[in-house]
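In: Have a look; sequence and predicted model below, questions after that.
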Amino acid sequence: MAIGDTIEMCSDMPLPDVMLIDEGCRLNGLPTLSEVRSRFSRKLKSIVRRGAIRNETEYYLVRNAIELASDDDERAKLQTLLTQFET
């Protein structure tokens, strides 16, 4: 959940700031913000393609993604996945 929250907080961050954070992470042997965003995006896409949430980790990933969804169609698809998992 913390990763999802972090991605959400950084979603509108300007590129120079992201690059600065990435460099700090790299220097400290940590995954960069850009890498984490990419992993988040790939995992979310695989859940949507599959059409089902398998566990609580995926549930929270989708729940966080709803808040970042750029359009109503995407938000509706994600909400459907949440609703199916909850029932």
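Out: Done, it's in.
In: Measure how buried the spatially closest residue to residue 7 that is not a sequence neighbour is and give me the count.
Out: Once flanking residues are discounted, residue 7 sits nearest to residue 40: 5.4 Å by Cβ to Cβ, 6 or more residues apart in numbering. Quick note: C-beta positions are derived from backbone N, CA and C, even for glycine. Neighbour count for residue 40, taken as other Cβ atoms under 10 Å: 19.
In: name the element residue 40 belongs to?
Out: Here residue 40, judged by DSSP states H and E, is contained in helix 33-50.
In: Now do the next helix or strand after that helix: which elements does it pack against?
Out: Note on helix 33-50: by DSSP H and E, the next helix or strand toward the C-terminus is helix 56-68. Where contact means 3 or more Cβ pairs under 8 Å, 6 or more residues apart in numbering; DSSP states H and E, helix 56-68 is packed against helix 2-9, helix 33-50, helix 72-86.
In: Could you tell me which residues within helix 56-68 count as buried?
Out: 58, 59, 60, 61, 62, 63, 64, 65, 68 (16 or more other Cβ atoms under 10 Å).
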